[in-house]
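*Asks:* Below are the sequence and a predicted model for it; my questions follow.
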Amino acid sequence: FDWEYAQKPDQSSAIATSLNSNFTFNPDAGGFSDDNYMSIDQRGYKTFIQEEAKSFLKQSQFRLNSVVKNVQWSESGVTVTLNDSTSISGAYAICTFSLGVLQHDDVKFIPSFPVSDTSRLV
């Protein structure tokens with residue numbers, strides 16, 4: 001149950017946990033129902049995400065498999081510049097980078113992130 005309480009079993013009291021109720025299987029409390037909604041779609045879980053995104057995400061709002069050169073950010077928005085000099089601007093951005101890219105400073109962040117945010121990348 002450490003995934004539910006974010007604690008190891010030896011860190012939580014058996015008495016305290018017995019007082020709590022596990023709502024996972026109680027649909028009246030926001031938990032799951034007895035119905036089986038397991039997906040056996042061979043296209044994978046990403047298909048659900050992609051189909052849902054079609055209702056609100058436009059092609060011009062995202063770019064896949066692109067190499068990011070720099071990310072310029074402020075309280076007023078963000079501009080992402082790609083290696084091909086394309087710039088994409090918006091109120092916010094979601095960029096996913098591998099740990100190696102971040103460790104080797106392959107992407108320039110303007111302004112740089114505070115040391116407290118980047119110290120864990122070592």
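*Replies:* Yep, it's here.
*Asks:* Show me the strands in this structure, by range?
*Replies:* Residue ranges of the strands in the chain, as given by DSSP state E, are 68-74, 77-82, 87-90, 108-110.
*Asks:* just checking, what packs against the third one?
*Replies:* Packing contacts for strand 87-90, counted by 3 or more C-beta pairs under 8 Å, 6 or more residues apart in numbering; DSSP states H and E, involve strand 77-82. To be clear about C-beta, it is placed using only N, CA and C from the backbone, and glycine gets the same treatment.
*Asks:* what does the strand it packs on contact?
*Replies:* Contacts to strand 77-82, defined as C-beta atoms under 8 Å, 6 or more residues apart in numbering, come from residues 63, 66-73, 87-93, 95.
*Asks:* what's the answer for stretch 52-62, then?
*Replies:* Contacts for stretch 52-62 (C-beta under 8 Å, 6+ apart): residue 90.
*Asks:* end-to-end on that stretch?
*Replies:* In stretch 52-62, first residue to last residue: 15 Å (C-alpha to C-alpha, to the nearest Å).
*Asks:* buried ones in that stretch?
*Replies:* When burial is assessed from 16 or more other C-beta atoms under 10 Å, stretch 52-62 yields no buried residues.
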